[in-house]
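Asks: Sequence first, then the predicted structure, then my questions.
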Amino acid sequence: MSAQLGRVMFEVIGPIALMTAAGYLLRRALVLDIRSISRVVFYILAPCLVYTSILNLDFDPATTSRSLIFAAIYMAAMTLLALGLSRRYNGPLSSAFVLVIILLNNGNYGLPLNLFAFGEEGFGYALILYMFNSLVGSTISIYLAARGQHGGRLALRRTLATPIIWAMLAAFVSRQLDWRPNGSFFEMLTMAGKAAIPIFLIVLGMALTETQVRLGRNPITRATLVRMLAGPAIAIALARLVGLQGVAFAVAVLQGAMPTAVNSIVISNEFETAPDFVAGAVLLTTLVSLITLPGLLIWLL
């Protein structure tokens, strides 16, 4: 047990915590524009990561299908649970409560975590779940945040404008045609994609400087309990239900146990959907994950 704990803390959690802390301290020490850095990742580095990873990784069709089925059922289950619990709140807070439960940080946090824990195989399955959550989770979240102001059309338009969606489609077309860009150009795309991993964590650390939280019997605490306790439990049950095994099972559980996505702060600010609540939930779920995720990793490894 002690050997497993040491491996988890120093080889998996350690590098993630170090890079996240670097982003946090850098933002505290210097006047940096987090939005500009986030946009570099969003529009350039993340699409390169998605495109090159899909072309490079060898996906098992059966396991990939089960992973996507898991992702769909998990998203539906968490959305229904969040909608039911959010009925006790009114107005923007109701939408924000759902947003912080279904929008997972399985990009900035989940991709590096699974890469360090399970290598390239784990990273590949984590990437599949990340893309699904980016597509479906972001669509639902933007719709909930925008309803009453702009409605569903804006949610669809914003989703279609997401660069990683087009990178994903381009990669699948390239695989079907058995074509990829020439050597040096593809190497440059690969290098840009690899840069996304540490910058994901730096942006996460920088974002945490802008959040604060109050503990107690309040919506932030309730949302955190649902996200960080119910989320992993439901992920374990559903991963077993769809027949995931080995690394694919472990990745599904970890991706379902992630804290609230930093991107939820951007969405809540843009649509004025209880931004203080969302920022507090991001911070508290991230802090709680420092306890829950190592425990899950010890159980899974």
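Replies: Right, received. Where do you want to start?

Asks: Residue 170: neighbouring residues, count only.
Replies: Residues lying near residue 170 (other C-beta atoms under 10 Å) number 15. Yep, even glycine has a C-beta here, placed from its N, CA and C like the rest.

Asks: isn't it right next to residue 52, touching?
Replies: No - look at residue 170 against residue 52 with C-beta atoms under 8 Å: they stay out of range, at 10.8 Å.

Asks: measure residue 123 to residue 255 for me?
Replies: Distance of residue 123 to residue 255, given as C-beta to C-beta, to the nearest Å: 11 Å.

Asks: Correction: the previous question concerned residue 275.
Replies: Note on residue 275: its distance to residue 255, by C-beta to C-beta, is 25 Å.

Asks: Those two: who's more crowded?
Replies: When residue 275 and residue 255 are compared for neighbours, residue 255 comes out ahead with 32 against 19, by other C-beta under 10 Å.

Asks: The more buried one belongs to a helix?
Replies: Yes - under DSSP: H, G, I helix; E, B strand; the rest coil, residue 255 sits within a helix.

Asks: which residues touch it?
Replies: Contacts for residue 255 (C-beta atoms under 8 Å, 6 or more residues apart in numbering) come out as 104, 106, 110, 114, 126, 129-130, 133, 235.

Asks: Now the common contact residues for residue 123 and residue 255.
Replies: In contact with both residue 123 and residue 255: residue 114, using C-beta under 8 Å, 6+ apart.

Asks: Tell me where the stretch 151-300 of the chain has helices.
Replies: Counting by DSSP state H, counting those that start in this stretch, the stretch 151-300 of the chain has these helices, from start to end: 152-160, 163-177, 183-208, 219-225, 231-241, 246-256, 263-270, 275-300.

Asks: Pick the most buried one from the ones you listed.
Replies: Of these, the one with the most neighbours on average (mean count of other C-beta atoms under 10 Å) is helix 246-256, at a mean of 25.

Asks: what angle sits between that one and helix 231-241?
Replies: Relative orientation of helix 246-256 and helix 231-241, computed by axes from the mean of the first three to the mean of the last three C-alpha atoms, to 10 degrees: 150 degrees.

Asks: how about residue 249, what does it touch?
Replies: With C-beta under 8 Å, 6+ apart, residue 249 has these contacts: 239-240, 300.

Asks: Single out whichever of those has the smallest pLDDT.
Replies: Ranked by pLDDT, the contacts of residue 249 bottom out at residue 300, which has 92.

Asks: sorry, back to before: tell me which of the helices of the stretch 151-300 of the chain lies nearest to residue 94.
Replies: Set against residue 94 and scored by C-beta to C-beta, the helices of the stretch 151-300 of the chain come closest in helix 219-225, at 9.7 Å.

Asks: Correct me if wrong: residue 79 contacts residue 140.
Replies: Yes - taking contacts as C-beta under 8 Å, residue 79 lies within contact range of residue 140: 6.3 Å.

Asks: where does the chain have low pLDDT?
Replies: 1-3, 5, 147-156, 158-159, 212-217, 270 (pLDDT under 70).

Asks: CA atoms only for stretch 51-65, dumped as PDB, please.
Replies: Provided in PDB are the C-alpha atoms of stretch 51-65 (Å, rounded to 0.1, in the frame of the first residue of the first chain):
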ATOM      1  CA  TYR A  51      -5.800  15.700 -34.500                       C
ATOM      2  CA  THR A  52      -2.300  14.100 -34.000                       C
ATOM      3  CA  SER A  53      -3.400  11.800 -31.200                       C
ATOM      4  CA  ILE A  54      -6.300  10.400 -33.200                       C
ATOM      5  CA  LEU A  55      -3.900   9.700 -36.100                       C
ATOM      6  CA  ASN A  56      -1.200   8.200 -33.900                       C
ATOM      7  CA  LEU A  57      -3.100   6.100 -31.400                       C
ATOM      8  CA  ASP A  58      -4.200   2.600 -32.200                       C
ATOM      9  CA  PHE A  59      -7.800   2.400 -30.900                       C
ATOM     10  CA  ASP A  60      -9.500  -1.000 -30.200                       C
ATOM     11  CA  PRO A  61     -12.900  -0.600 -32.000                       C
ATOM     12  CA  ALA A  62     -14.800  -2.700 -29.400                       C
ATOM     13  CA  THR A  63     -13.400  -0.900 -26.400                       C
ATOM     14  CA  THR A  64     -13.800   2.500 -28.000                       C
ATOM     15  CA  SER A  65     -17.400   1.700 -28.700                       C
END
